[in-house]
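1. Here is my input; please provide its structure:
(one chain, ligands or ions: 1)
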Amino acid sequence: MSLAGLQGRVTLGDRVLVEALDLRLYRGWTCLLGASGAGKSTLLRLLAGLPTAAQLEGTRHAPARIGWMAQSDLLQPRLSVLGNLRLMARLRGESLPPARAKALLAEVGLAGRGAAYPADLSGGERQRLALARTLAEDAPLVALDEPFSALDVPTRAMMHDLAHARLAGRAVVMVTHDPQEALRLGDRILLLRAGRLEELPVLTGPHPVDLGDPALARAAAALVGQMRGAVA
Ligand SMILES: Nc1ncnc2c1ncn2[C@@H]1O[C@H](COP(=O)(O)OP(=O)(O)OP(=O)(O)O)[C@@H](O)[C@H]1O
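-> Below you'll find the model as predicted:
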């Protein structure tokens, strides 16, 4: 039995966004690729049970608790870095242990920045704070919408390693435009193309795949080829 799933047809007004959808999520990383506007974020929102302009004619199942990281960082400008990190736990009437908060901030490279405000952070720092906030959640299903898009290449690789380690044992679904990222992390790679989800080959062996692995460069080149022409 899958941990979460969407089955049916997804429409947006008169347009069929995805026909005969059968998305099932299991433990591990599922990466969702596709051209801009294909409907990736919409699928993620439907899965997470969040409002969208699209309609699902079909069924959805998902755990009650879902970790969510949107394309925009959704940080609260009036709360400090630490306040933002603690917010989700606070909303549930719980508290994030200070040692855990401190460790998370250090892991995303924001040690000592707890008292700063989102406006004081760079785009990449804001994205790393949003990532830390998502990692602080103990959700069995985690949906990430382009979570590493604002990061420089070395930082992105470090955050891949961190997120992979911290989310071990969860079902993670991640939208990305980066084929190398999908191949480093993905236990499954799905390409949304012309209203259908296609399963693509992945790299076997330990994940995240080593950046120096020649198979990664070869597979990324092949994946770009498959993505070409993947128009919405
Ligand atoms: N609030 C909305 N109202 C109407 N249409 C919308 C709305 N949000 C998205 N759409 C449309 O739904 C379609 C799918 O959008 P979605 O954001 O899911 O695509 P995407 O594949 O995630 O794109 P990107 O890679 O650019 O983020 C697009 O054609 C978009 O214009």
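2. Quick check: closest non-adjacent residue to Gln55.
-> Nearest non-adjacent residue to Gln55, counting by C-beta to C-beta, 6 or more residues apart in numbering: Thr11, 5.2 Å away. C-beta here means a position set from N, CA and C on the backbone, and glycine is covered the same way.
3. How about the helix or strand in which the one you found is found, which residues are buried there?
-> Taking DSSP states H and E as the definition, one finds Thr11 inside strand 4-12. Residues of strand 4-12 classed as buried: Ala4, Gly5, Leu6, Gly8, Val10 (neighbour count, 16 or more other C-beta atoms under 10 Å).
4. re the thing from before, correct me, but the residue nearest to Gln55 touches Gly58?
-> No: using C-beta atoms under 8 Å, Thr11 is not in contact with Gly58; the gap is 10.5 Å.
5. what about the strand holding Thr11, near the ligand?
-> Yes: Strand 4-12 reaches the ligand (C-beta under 6 Å from any ligand atom) through Leu12.
6. list the helices and strands the helix or strand following that strand packs on?
-> Following strand 4-12 in sequence order, the next helix or strand is strand 15-25 (DSSP H and E). Applying 3 or more C-beta pairs under 8 Å, 6 or more residues apart in numbering; DSSP states H and E, one finds that strand 15-25 contacts strand 4-12, helix 40-48, strand 196-200.
7. relative orientation of strand 15-25 and strand 196-200 in degrees?
-> 40 degrees (axes from the mean of the first three to the mean of the last three C-alpha atoms, to 10 degrees).
8. Please list the residues outside strand 15-25 that contact it.
-> Contacts with strand 15-25, where a contact means C-beta atoms under 8 Å, 6 or more residues apart in numbering, come from 2-11, 39, 42-43, 47, 54, 58, 141, 171, 173, 190, 192, 195-197.
9. in this protein, which ranges drop under the pLDDT threshold?
-> Counting by pLDDT under 70, the ranges of the chain that qualify are 229-232.
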